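Visitor: task: produce atomic coordinates for the following.
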Amino acid sequence: NMYIINPTRKHSYSRPLNIFLDTHNSEIKELVNIIFNKYFNAEENVILKKHLEVLVLDLYIAWNTDPKLEIVIHMSPNSYTLVKRYNQLNITKKMIDIVSVLINHDLIIGNEGFENNTKITYICASLTLENYFKKIKVSVFDISQYQELIILKDNAKKDIDYEDNSKTKNIRKVLEQYNEILRKTFIDIPFLEKSYLEYKGRKYNVNQHSKLVKKIFSNGSFDEGGKFYGGWWQRISEKQREKILMDDRETIEIDYKSLHPVLAYAKKGIDFWERTNTTKYSYFNDSYDVSISGIKDREDSRAVVKLLFLTALNTNSEQECFHKFRNQWDYELHSYKGLFSDIFLQELLDSIRDRHYQIDDLFCSGNGLDLQKLDNEIIEYIVGDFTERNLPILCNNNSFIIWKEQLDLLVNNMHTAIKWVIGGVVENSQIQSNQFNILAFKDHILRNIDKSIPDQSYYSDSIMKSSISSDRCEGYIERWDNHKSYFYEKYDHFKQ
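Guide: Numbering: from 1, shown residues only. All right, here's what the predicted structure looks like:
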């Protein structure tokens, strides 16, 4: 017997179903009614109809973004969270039945697959549904997301419920204002004809619904974690981020990754910039530049060294450090499953200790620092300030993306935040804050600088010169026009 096996489609261009969608648009509600009455013989069932509406809304967004984009539907009942806080529209396993009905009636195309050993189906709109979509006038901006912005995970990384208190209410208030600024800001890349970017074999959408930012806390405690999470710019490479425009204006990414080592050295009373050991490693060398066997990608290898460095500063033993490292590594963003054995991490930790021998006793000893927490305090301070001024700012892992004109504001903010944070870490710090000037500036500028530290105007000049004026492609211009016409009040206000 000869079997012909259909080549399986690579479903690298897919994303999970967004269960948080809602709209007041009458045309799409009408379409949901038509589909519901035609294919479901349930009596006017409000709950089923709500499920159908969420599905149709997400299919519409996906189709509007790119007809080839697929949505991942979990086919196992256990995949639907029952914690009301994270599922405010109360979407349950009923979604599975709705998807099956729509597949049977050729409204959507479904392909079965597996993800982490559970059954999933990849779906997208069929021609029939596309024809319905073409007839209605709906702007993607009319579709809103009702989503909890503060997520608490337990030790097993499952979302858990919590009681709100004044702290969470304050954080949420800032996050809501911050997301509102992002919602009204056009964040895009001028050479993208279609609104997605490819990075490491996956495609990431660059659109109105892929920029919601949340805060995720871990291990059941609001004292752990608290990173800003979400936003398509966190999923792509540094090179790609350089091209981001906000409201069609050029941005710059400012990196403060060297802050952690500086804080750790400050704790020992050593001025990182004045360390005696500048000959062995060039003056501006990256503290995380430790070579690793088994990882070729430079950005990935820095991420590994950095996480191990931070974890080692914040644990009591090497065993705890390695365990915590594996728990915190983001396998979704970077693979390397199975690489981080104790032996592998031990070898890397030894290299880090060699490189930073002056602070060796802070690693895995319980005498270190919770740098992650300091980090989050700095980010919160800066995002809070930009938000109060109604200015967009994007957070990435240890960098900010801002309009070029806001460089001085960011640097001043950094100083204030660092002084405030260092004050808590180091008593009678001998370290002058002007030595932190250097932290705020990006590698590519630092590489060309000799040891004498030039003044700030030098940096500002070189940054302004390194600007990239880029041609805008048609797809970009169309998206920018759509954005402006929906949020016309904002842009008319600027014109005056």
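Visitor: buried sites along stretch 190-197?
Guide: Residues 190, 192, 195-197 are the ones in stretch 190-197 that count as buried (16 or more other C-beta atoms under 10 Å). All C-beta spots, glycine's among them, are computed from the backbone N, C-alpha and C.
Visitor: ignore the last one, stretch 105-120
Guide: If you call a residue buried by 16+ other C-beta under 10 Å, then stretch 105-120 has these buried ones: 107-110, 113, 120.
Visitor: what does stretch 219-226 give?
Guide: Taking 16+ other C-beta under 10 Å as the neighbour-count basis, stretch 219-226 is seen to contain the buried residues 222, 225-226.
Visitor: mark which of those are part of strands, please.
Guide: 225-226 (DSSP state E).
Visitor: how about the buried residues of stretch 219-226 in a markdown table, adding distance to residue 489 and pLDDT?
Guide: Written out in a markdown table, the entries for these read as follows (distance: C-beta to C-beta, whole Å; pLDDT from 0 to 100):
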| residue | distance to residue 489 | pLDDT |
| --- | --- | --- |
| 222 | 37 | 90 |
| 225 | 37 | 81 |
| 226 | 34 | 86 |
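Visitor: just to revisit the earlier point, ok, which pair from the buried residues of stretch 105-120 is furthest apart?
Guide: Using C-beta to C-beta, those reach their maximum pairwise distance at 107 and 113, which is 19.7 Å.
Visitor: my read is that residue 189 contacts residue 195, right?
Guide: No. Using C-beta atoms under 8 Å, residue 189 is not in contact with residue 195; the gap is 9.1 Å.
Visitor: picking that back up, which one of the buried residues of stretch 219-226 is nearest to residue 141?
Guide: Of all those, the one with the least separation from residue 141 (C-beta to C-beta) is residue 226, at 29.8 Å.
Visitor: next one: that closest one relative to residue 319, how far apart?
Guide: Residue 226 sits 25 Å away from residue 319, taking C-beta to C-beta, to the nearest Å as the criterion.
Visitor: does the closest residue to residue 114 other than its chain neighbours sit in a helix, a strand or a coil?
Guide: What sits nearest to residue 114 in space, not counting adjacent residues and going by C-beta to C-beta, 6 or more residues apart in numbering, is residue 120, at 6.7 Å. Using DSSP: H, G, I helix; E, B strand; the rest coil as the criterion, the local structure at residue 120 reads strand.
Visitor: tally of neighbours for residue 287?
Guide: Using other C-beta atoms under 10 Å, residue 287 is surrounded by 22 other residues.
Visitor: sec struct for it, please.
Guide: Secondary structure state of residue 287, per three-state DSSP, is coil.
Visitor: check contacts around it.
Guide: Under the criterion of C-beta atoms under 8 Å, 6 or more residues apart in numbering, the contact partners of residue 287 comprise 258, 260-261, 309, 355-356.
Visitor: how about those in a markdown table, adding neighbour count, distance to residue 386 and secondary structure?
Guide: Below are the contacts of residue 287 laid out as a markdown table (neighbours: other C-beta atoms under 10 Å; distance: C-beta to C-beta, whole Å; DSSP: H, G, I helix; E, B strand; the rest coil):
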| residue | neighbour count | distance to residue 386 | secondary structure |
| --- | --- | --- | --- |
| 258 | 23 | 22 | coil |
| 260 | 21 | 22 | helix |
| 261 | 20 | 26 | helix |
| 309 | 23 | 28 | helix |
| 355 | 20 | 34 | helix |
| 356 | 21 | 32 | coil |
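Visitor: I'd like to know which of those is nearest to residue 482.
Guide: residue 258 (40.0 Å).
Visitor: state the pLDDT value of that closest one.
Guide: Note for residue 258: predicted pLDDT of 66.
Visitor: so what's the residue nearest to residue 114 bridging to?
Guide: residue 74, residue 113 (DSSP bridges).
Visitor: how much space separates it from residue 64?
Guide: Using C-beta to C-beta, which is the criterion applied here, residue 120 is 23 Å from residue 64.
Visitor: so what sits against both of residue 189 and residue 195?
Guide: In terms of C-beta under 8 Å, 6+ apart, residue 189 and residue 195 are both contacted by the residues residue 206.
Visitor: I'd like the contacts of residue 287 as JSON lines, with distance to residue 15 appended.
Guide: As requested, those are exported to JSON lines (distance: C-beta to C-beta, whole Å):
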{"residue": "258", "distance to residue 15": "34"}
{"residue": "260", "distance to residue 15": "32"}
{"residue": "261", "distance to residue 15": "36"}
{"residue": "309", "distance to residue 15": "32"}
{"residue": "355", "distance to residue 15": "39"}
{"residue": "356", "distance to residue 15": "40"}
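Visitor: quick check, nearest of these to residue 89?
Guide: For the contacts of residue 287, the minimum distance to residue 89 (C-beta to C-beta) is 40.1 Å, reached by residue 260.
Visitor: what sits against the closest one?
Guide: Residue 260 is in contact with 287, 306, 309-310, 313, 371, 375, counting by C-beta under 8 Å, 6+ apart.
Visitor: which stretches in the stretch 1-150 of the chain count as strands?
Guide: Across the stretch 1-150 of the chain, reading from the start of the chain, the strands by DSSP state E, counting those that start in this stretch fall at 14-16, 21-23, 70-74, 108-115, 118-125, 143-145, 150-153.
Visitor: then the third one to PDB, C-alphas only?
Guide: In other words, strand 70-74. In PDB, the C-alpha atoms belonging to strand 70-74 read as follows (Å, rounded to 0.1, in the frame of the first residue of the first chain):
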ATOM      1  CA  GLU A  70      -4.500  31.600  11.800                       C
ATOM      2  CA  ILE A  71      -6.000  31.500  15.300                       C
ATOM      3  CA  VAL A  72      -5.200  28.700  17.700                       C
ATOM      4  CA  ILE A  73      -8.200  27.200  19.500                       C
ATOM      5  CA  HIS A  74      -7.600  24.900  22.400                       C
END
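Visitor: shaky segments in the chain?
Guide: Under the criterion pLDDT under 70, the flagged ranges of the chain are 1-10, 44, 257-258, 273-286, 332-333, 422-470, 494-496.
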